[in-house]
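Visitor: sequence first, then the predicted structure:
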Amino acid sequence: MGRGLRSPIAIPGREKRRRLSFALTPLADAMFQLLIFFMLSSSLAPYSLITLRGGAAQASEPAEFEAAPEAESVIWQLVRSGVRINGEVTPLDQLQEPALALADDGTTLVVLFVGRAATVQDIATVTETLTAAGINGVQLVGRTGG
């Protein structure tokens with residue numbers, strides 16, 4: 001055989017072992033970038049608050065509802081079968097009487113916690129009932145995220 005040609009027969013024990021290496025630096029960089037992305041895109045507060053005002057707003061009125069310091073407020077919870085008021089669930093079609101009772105007591109603000117099973121129609125029904133009773137301040141509180 002010539003000098004520049006290799007032998008087609010492999011000699012055992014003379015094979016070069018190929019050393020594979022794995023660098024963790026690019027993986028760590030990608031993980032830190034994902035961590036920063038998810039930290040910046042997530043919400044730290046589990047609840048969000050939306051304030052609703054009934055009636056037509058005039059130009060001289062502020063854009064947000066601000067209850068007077070002496071204003072009375074009540075907390076309701078919107079659940080699957082109705083609204084929980086003082087521990088008892090009242091069906092949505094029977095909310096007119098409690099809403100009128102609140103208005104007679106001088107309540108000007110209702111804080112409504114919205115459960116996961118509530119629909120937009122349920123929220124609209126409660127706010128319409130409260131507005132018809134004369135309570136124009138409604139704050140919606142609902143969980144954000146899953």
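Guide: Okay, I see it.

Visitor: checking Q139 next. Helix, strand or coil?
Guide: Here Q139 is recorded as strand under DSSP: H, G, I helix; E, B strand; the rest coil.

Visitor: quick check: mean pLDDT of the helix with the most length in the chain?
Guide: In the chain, taking DSSP state H as the definition, the longest helix is helix 25-41. Helix 25-41 shows a mean pLDDT of 91.

Visitor: that helix: which residues count as buried?
Guide: By 16 or more other Cβ atoms under 10 Å, helix 25-41 has no buried positions at all. Using the backbone N, CA and C atoms, a C-beta is placed for each residue, glycine as well.

Visitor: contacts for that helix next, please.
Guide: By Cβ atoms under 8 Å, 6 or more residues apart in numbering, no surrounding residue is in contact with helix 25-41.

Visitor: and R19, that one's in a strand?
Guide: No: secondary structure of R19 (three-state DSSP): coil, not part of a strand.

Visitor: what count of nearby residues applies to it?
Guide: 5 (other Cβ atoms under 10 Å).

Visitor: what's it in contact with, if anything?
Guide: No contacts exist for R19 under Cβ under 8 Å, 6+ apart.

Visitor: show the pLDDT at it.
Guide: 77.

Visitor: kindly report the same for V141.
Guide: On the pLDDT scale, V141 gets 85.

Visitor: and for it, the neighbour number?
Guide: 15.

Visitor: thought it was touching L112?
Guide: Yes: V141 sits in contact with L112 when judged by Cβ atoms under 8 Å, with a separation of 6.9 Å.

Visitor: about what we covered before: let's see the longest helix of the chain as CSV, backbone CA atoms only.
Guide: The C-alpha trace of helix 25-41 is given here as CSV (Å, rounded to 0.1, in the frame of the first residue of the first chain):
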residue,chain,number,x,y,z
THR,A,25,-24.3,28.1,29.3
PRO,A,26,-26.7,28.6,26.4
LEU,A,27,-29.4,26.6,28.3
ALA,A,28,-28.9,28.7,31.4
ASP,A,29,-29.2,31.9,29.3
ALA,A,30,-32.4,30.7,27.7
MET,A,31,-33.9,29.7,31.1
PHE,A,32,-33.1,33.1,32.6
GLN,A,33,-34.7,34.8,29.6
LEU,A,34,-37.8,32.7,30.0
LEU,A,35,-37.9,33.5,33.8
ILE,A,36,-37.7,37.2,33.2
PHE,A,37,-40.4,37.1,30.5
PHE,A,38,-42.8,35.2,32.7
MET,A,39,-42.1,37.4,35.7
LEU,A,40,-42.8,40.5,33.7
SER,A,41,-45.9,39.2,32.0
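
Visitor: cheers, nothing more for now.
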